[in-house]
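1. heads up, no residue letters with this:
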């Protein structure tokens, strides 16, 4: 039986979007190692409740208008001041509040990319960014990461070849230099400086996704790429990891001409002005650094629990880089393994993860898996990793048994 949608044609540029990491599972006892969510018990609920009351009581009638009350400007000023901690100096007209950092990625793609333009990314990369670039009908080229982040040497070789052979230079390079999602690695200072030099020499933008930089477990400092070449960087950050993702507020920092173009594309006008009013009330007098320190303590302990559980459950069947911040551990299995093959079995056994292929622009990444340590409890981490190991070893046994059956007697 046909439906109205059988006769309806959607835009061809809309990419297929399968569910990621069994995110549709709703069983109450399911362990979601796939969810890149913040820990809910660390949300400042009491302070937000008071802030929401104050926003309504003091500014409600103005805050509910299109342009809002004083909250949006206070948020810009807070972002400006907090950015100084990380070495970023920006005027207010260089800052734009976004619907999370993901809208910033989408805006960058729509500002800079025409169909057929080139964008270069890390391999692996953030799947929502890849989706945005595919929707923009860009040509995506990817470059591997190692324990020091993006292989800038390979990227430089590609630029040299493009220059010699009159091939396209990327309009921009999308990178997560600090506590990479999913890889967990951090771009070294030497590579940061070289990448900035290449952006200047070859005249391309860098879209710097810095969503996890506040969650610094080691105390080691890494300069944002924006501080090295501000005229060539579109810097993105978010309140999702440090206050709560449900706020759907992030920000973009860039040259004022870039921000002017981004505002033209933001057809809805100001972003969540009433939410900004609440957040402004929260941040006024909020012990933000103490809050961040609490997040760092909790997430670093979660990371250690997961790392120990992985080593105990998998032994030498996997390798991983111990992240110095962020939310994720990126497992690498043997080359013969396809983590997609036991994704469903693991979900049926009670645990979800994200298979590696979801993070790659091409058909690759099969021996990898992303695990998130931020959302679930320590007990759930240990139990979830054990279940995942059971699913993997069952897959391995079945694979080896199948191979044995096919061997001649």
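-> Received, thanks. These figures come from a predicted structure and were not determined experimentally. Numbering: from 1, shown residues only.
2. dump the residue contacts of residue 173.
-> Residue 173 makes contact with 119-121, 155, 195, 199, 204-207, according to CB atoms under 8 Å, 6 or more residues apart in numbering. Placement of C-beta: from N, CA and C, glycine included.
3. Is it in a helix, a strand, or coil?
-> Using DSSP: H, G, I helix; E, B strand; the rest coil, the structure places residue 173 in strand.
4. how far away is it from residue 68?
-> Separation of residue 173 from residue 68 (CB to CB, to the nearest Å): 35 Å.
5. Tell me the one of the contacts of residue 173 nearest residue 72?
-> Nearest to residue 72 among these is residue 207, at 23.6 Å by CB to CB.
6. So what's the residue count around the closest one?
-> 26 (other CB atoms under 10 Å).
7. and if you look at residue 47?
-> What residue 47 shows, counting by other CB under 10 Å, is a neighbour count of 17.
8. Name the helix or strand for the closest residue to it other than its chain neighbours, please.
-> Closest residue to residue 47 apart from its sequence neighbours, by CB to CB, 6 or more residues apart in numbering: residue 282 at 5.5 Å. Here residue 282 sits within helix 273-283, counting by DSSP states H and E.
9. wait, what's in contact with residue 169?
-> Residue 169 neighbours (CB under 8 Å, 6+ apart): 118, 159, 162-163, 202-204.
10. any chance of the contacts of residue 173 in CSV, with secondary structure too?
-> Below are the contacts of residue 173 laid out as CSV (three-state DSSP):
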residue, secondary structure
119, strand
120, strand
121, strand
155, helix
195, helix
199, helix
204, coil
205, strand
206, strand
207, strand
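11. ok, of those, which one's closest to residue 181?
-> Distances from residue 181 to the contacts of residue 173, taken by CB to CB, are shortest for residue 121, at 12.3 Å.
12. The closest one reaches residue 360, doesn't it?
-> No - between residue 121 and residue 360 there is no contact under CB atoms under 8 Å: 9.4 Å.
13. More neighbours: which of those two?
-> residue 121 (25 against 20).
14. list the contacts for that one?
-> 129-130, 133, 140-143, 173-175, 361.
15. Distance check, it against residue 142.
-> Distance from residue 121 to residue 142, by CB to CB: 5 Å.
16. quick one: common contacting residues for the two?
-> Joint contacts of residue 121 and residue 142 (CB under 8 Å, 6+ apart) are residue 361.
17. Show me the contact partners of stretch 372-381.
-> With CB under 8 Å, 6+ apart, stretch 372-381 has contacts from 31-40, 299, 301-303, 305-306, 309, 327-329, 384.
18. These in helices, which ones?
-> Among these, the members found in helices (DSSP state H) are 299, 301-303, 305-306, 309, 384.
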